[in-house]
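>>> Could you look at this predicted model? Sequence included:
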Protein chains: 4
Amino acid sequence: MKHSSIGHKIWALPGCCIPAESTGEEPAHTSRDEISILNTGESVAAIEISIYYTDREPVGPYRITVDAKRIRTIRFNDLIDPEAILLAKEFAALLQSDRPVVVQFSRLDTAHGGRDHSTTIAFPVT
Amino acid sequence: MKHSSIGHKIWALPGCCIPAESTGEEPAHTSRDEISILNTGESVAAIEISIYYTDREPVGPYRITVDAKRIRTIRFNDLIDPEAILLAKEFAALLQSDRPVVVQFSRLDTAHGGRDHSTTIAFPVT
Amino acid sequence: MKHSSIGHKIWALPGCCIPAESTGEEPAHTSRDEISILNTGESVAAIEISIYYTDREPVGPYRITVDAKRIRTIRFNDLIDPEAILLAKEFAALLQSDRPVVVQFSRLDTAHGGRDHSTTIAFPVT
Amino acid sequence: MKHSSIGHKIWALPGCCIPAESTGEEPAHTSRDEISILNTGESVAAIEISIYYTDREPVGPYRITVDAKRIRTIRFNDLIDPEAILLAKEFAALLQSDRPVVVQFSRLDTAHGGRDHSTTIAFPVT
């Protein structure tokens, strides 16, 4: 079961927006937008994330890595360098990886005491 | 991190239907169907939206623009020219852009006091 | 804004299962799995749906049409010829159209007094 | 309505995580991450699933089969050989089939007395 790198190098997510309110224990129940990145390859994937807004210049790159044969889940809530992403503000994320990866988006909203989850595979650009 | 235009010029969303009821503060909690459009390019994207129905001729174009290196989120609730879209009525949206963009669909339904969210990347036609 | 036919002729949905319970007024709040089909072309689309199960032969075809420049939303709950689809039973749907269409899947589950909605664009086969 | 095999042989799902808590009757209301696999072909499909983690080597293969002209829904909760998948732990699934299939992902979370469902078609790699 050896795999070389699988997936695409550029992925887009136009419809992100971190829910402003949470209920329940942190961090498990913290409302969030997050991306799960799968790197099946034999080398670390270095990824740059650009954040696009409605009314100002894009911000980035946010630099992350995903180890070989590992996944990594990034909560947008936790991206703080070069700057934190505001809650309840619409944004898009563009990921550029030096190696093929696969990206899935999830939102968890616990504002009203439940756990509302939604998910989609991100858009594979190239 | 310069990007030329990324994505597709025609996108389809067959399964739209604005939920009829809302609870909570407007506009943050207003039930809605919406599309988030990412334009990574260096020029404004001009987009025409056609709305298809079950029992009458398509309506449109609804004309919108998305600035260079920006996103724009359009609530179908807010499209009123050439005519408003009725609540609780099934429709499809077809987007035609003069430049490549990426489109994600979201529904928020607050009818029952919670926030039920669902999302999918739209279908990239060409 | 004339469009010729847009989309694909064969679409697959492996993960269908009509929720067994509903609350609220019918038919608006009836729990359901449904598909929304967009036909942007100038001619009627004739579609055959095959239903696949875990433990018996596929059933079909269920025959439907979608008029030119129209959408049609089909609740699997309403497919009864050649036979009704059982509630709370896993199935897959395979759609074969004589013209290109676009297909989106939605589930609405009102079993617990709320409206839980989930959606994805179906898988475009060819 | 004869179909040869339809779909892809490799599918990826980066964003899996079995919800830890459930309410309601088992097994119908057990919280779960699951995949629904459609095999439209005339032969059994043999599938190997590899599970990727954030902090340890991939585990697998988990071997399953899907009969000809059938679907099969696999709850990740039920995969126990070579080892069970932990609850509330992020993982990715990579499916490799010897024949084309189509794969859809669903999560059901009943932790708070409701039924929160989310779904997406998996990512078709090749």
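Right, received. Where do you want to start?

>>> Contact distance from chain C - what residues of chain A qualify?
A:118, A:120 (C-beta under 8 Å from any C-beta of the partner chain). (Each C-beta comes from the backbone N, C-alpha and C, glycine too.)

>>> Residue numbers of chain A in contact with chain D?
So far as C-beta under 8 Å from any C-beta goes, chain A lies against chain D at A:1, A:3, A:6-7, A:28, A:35-38, A:40, A:69-73, A:102-106, A:113-121, A:124.

>>> Any quick ChimeraX command for the buried ones out of those?
Buried subset of these, written as a ChimeraX selection, criterion 16 or more other C-beta atoms under 10 Å in any protein chain shown:
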select /A:3,6,7,35,36,37,38,40,69,70,71,72,73,102,103,104,105,106,114,115,116,117,118,119,120,121,124
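
>>> tell me the contacts of the most centrally placed residue in chain A?
In chain A, the residue lying closest to the centroid (C-alpha atoms, centre = their mean) is residue A:35, at 2.9 Å. Residues near residue A:35 by C-beta atoms under 8 Å, 6 or more residues apart in numbering or on different chains: A:13, A:73-74, A:76, A:93, A:95, A:103-106, A:122, D:15.

>>> From the residues you listed, list the ones also adjacent to chain B.
The residues of these that also fall near chain B, by C-beta under 8 Å from any C-beta, are A:13, A:105, A:122.

>>> that's a strand at residue A:77, yeah?
No - assigned with DSSP: H, G, I helix; E, B strand; the rest coil, residue A:77 falls outside any strand and is helix.

>>> Quick check, the residue in chain A closest to chain B?
residue A:15 (3.5 Å; C-beta to the nearest C-beta).

>>> is it true that that residue touches residue B:120?
No - if you go by C-beta atoms under 8 Å, residue A:15 and residue B:120 don't touch, sitting 9.4 Å apart.

>>> Now the common contact residues for these two.
Common contact partners of residue A:15 and residue B:120 (C-beta under 8 Å, 6+ apart): B:104-105.

>>> wouldn't residue A:43 be in contact with residue A:68 here?
Yes - using C-beta under 8 Å, residue A:43 makes contact with residue A:68 at a distance of 5.4 Å.

>>> buried residues in the top strand by length along chain A?
Across chain A, the longest stretch assigned as strand under DSSP state E is strand A:91-109. Within strand A:91-109, the residues that count as buried by 16+ other C-beta under 10 Å are A:91-97, A:99-109.

>>> who does that strand pair up with?
When sheet partners are counted by DSSP bridges, strand A:91-109 sits next to strand A:8-16 (antiparallel), strand A:32-39 (antiparallel), strand A:45-52 (antiparallel), strand A:116-121 (antiparallel).

>>> returning to that earlier point: what would the ones next to chain B among the contacts of residue A:35 look like in TSV with pLDDT?
As requested, the ones next to chain B among the contacts of residue A:35 are exported to TSV (pLDDT from 0 to 100):
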residue	pLDDT
A:13	98
A:105	97
A:122	98
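
>>> quick check, nearest of the residues you listed to chain D?
Using C-beta to the nearest C-beta, these come closest to chain D at residue A:105, 7.5 Å.

>>> check contacts around residue A:90.
Applying C-beta under 8 Å, 6+ apart, we find residue A:90 in contact with A:15-17, A:53-54, B:36, B:71, B:73.

>>> Could you tell me how many residues sit around residue A:82?
11 (other C-beta atoms under 10 Å in any protein chain shown).

>>> Leaving out the residues flanking it, which one is nearest to it?
Distance criterion C-beta to C-beta, 6 or more residues apart in numbering or on different chains; nearest residue to residue A:82, sequence neighbours excluded, is residue A:59 at 6.3 Å.

>>> Wait, residue A:82 touches residue A:60, no?
Yes - contact criterion C-beta under 8 Å: residue A:82 and residue A:60 qualify, at 7.2 Å.

>>> is residue A:45 in a bridge, and if so with what?
Legend: beta-bridge partners of residue A:45 under DSSP bridges are residue A:66.

>>> remind me which residues of chain A are low pLDDT?
Along chain A, the parts satisfying pLDDT under 70 run over A:1-3.

>>> so how far is chain C from residue A:77?
23 Å (C-beta to the nearest C-beta, to the nearest Å).

>>> That residue and residue A:30 touch, don't they?
Yes - between residue A:77 and residue A:30 a contact is recorded at 6.9 Å, counting by C-beta under 8 Å.

>>> Contacts only, for the closest residue to residue A:42 other than its chain neighbours.
Closest residue to residue A:42 apart from its sequence neighbours, by C-beta to C-beta, 6+ apart: residue A:68 at 5.2 Å. Taking C-beta under 8 Å, 6+ apart, we find residue A:68 in contact with A:39, A:41-44.

>>> so which of those residues is the most crowded?
Counting neighbours by other C-beta under 10 Å, residue A:39 comes out on top of the contacts of residue A:68 with 29 neighbours.

>>> pretty sure that residue contacts residue A:69?
Yes - assessed by C-beta under 8 Å, residue A:39 is found in contact with residue A:69 at 7.0 Å.

>>> Mind listing the shared neighbours of those two?
Contacts common to residue A:39 and residue A:69, judged by C-beta under 8 Å, 6+ apart, are absent.

>>> returning to what we had before: quick one: which of the ones next to chain B among the contacts of residue A:35 is nearest to residue B:22?
Proximity of the ones next to chain B among the contacts of residue A:35 to residue B:22 (C-beta to C-beta) peaks at residue A:105, which lies at 24.8 Å.

>>> Just list whatever residues bridge to that closest one.
Under the criterion used (DSSP bridges), residue A:105 bridges to residue A:35, residue A:120.

>>> for it, what are its contacts?
A:13, A:16, A:33-35, A:119-122, B:119, D:15.

>>> Now with 7 Å, please.
A:13, A:35, A:119-120, A:122 (C-beta atoms under 7 Å, 6 or more residues apart in numbering or on different chains).

>>> out of the contacts of residue A:90, what pair is the most spread apart?
A:15 and A:53 (13.1 Å).

>>> who's more crowded, those two?
Shown here are residue A:15 and residue A:53; by other C-beta under 10 Å, residue A:15 has more neighbours (29 against 17).

>>> three-state assignment of residue A:111?
Relying on three-state DSSP, one would call residue A:111 coil.

>>> Please read the previous query as pertaining to residue A:57.
On the basis of three-state DSSP, residue A:57 is classed as coil.

>>> ok, now which ones touch it?
Counted by C-beta under 7 Å, 6+ apart, residue A:57 has contacts residue B:69.

>>> before we move on, what about residue A:15?
B:36, B:104, B:106, B:119.

>>> Any chance of the residues you listed in a markdown table with distance to residue C:49 as columns?
Formatted as a markdown table, the contacts of residue A:15 follow (distance: C-beta to C-beta, whole Å):
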| residue | distance to residue C:49 |
| --- | --- |
| B:36 | 31 |
| B:104 | 27 |
| B:106 | 27 |
| B:119 | 25 |
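
>>> tell me which of these is nearest to chain D?
Comparing the contacts of residue A:15 against chain D with C-beta to the nearest C-beta places residue B:119 closest, at 8.8 Å.

>>> Against residue A:24, how distant is the closest one?
22 Å (C-beta to C-beta, to the nearest Å).

>>> picking that back up, and of the ones next to chain B among the contacts of residue A:35, the nearest to residue C:86?
Using C-beta to C-beta, the ones next to chain B among the contacts of residue A:35 come closest to residue C:86 at residue A:105, 32.8 Å.
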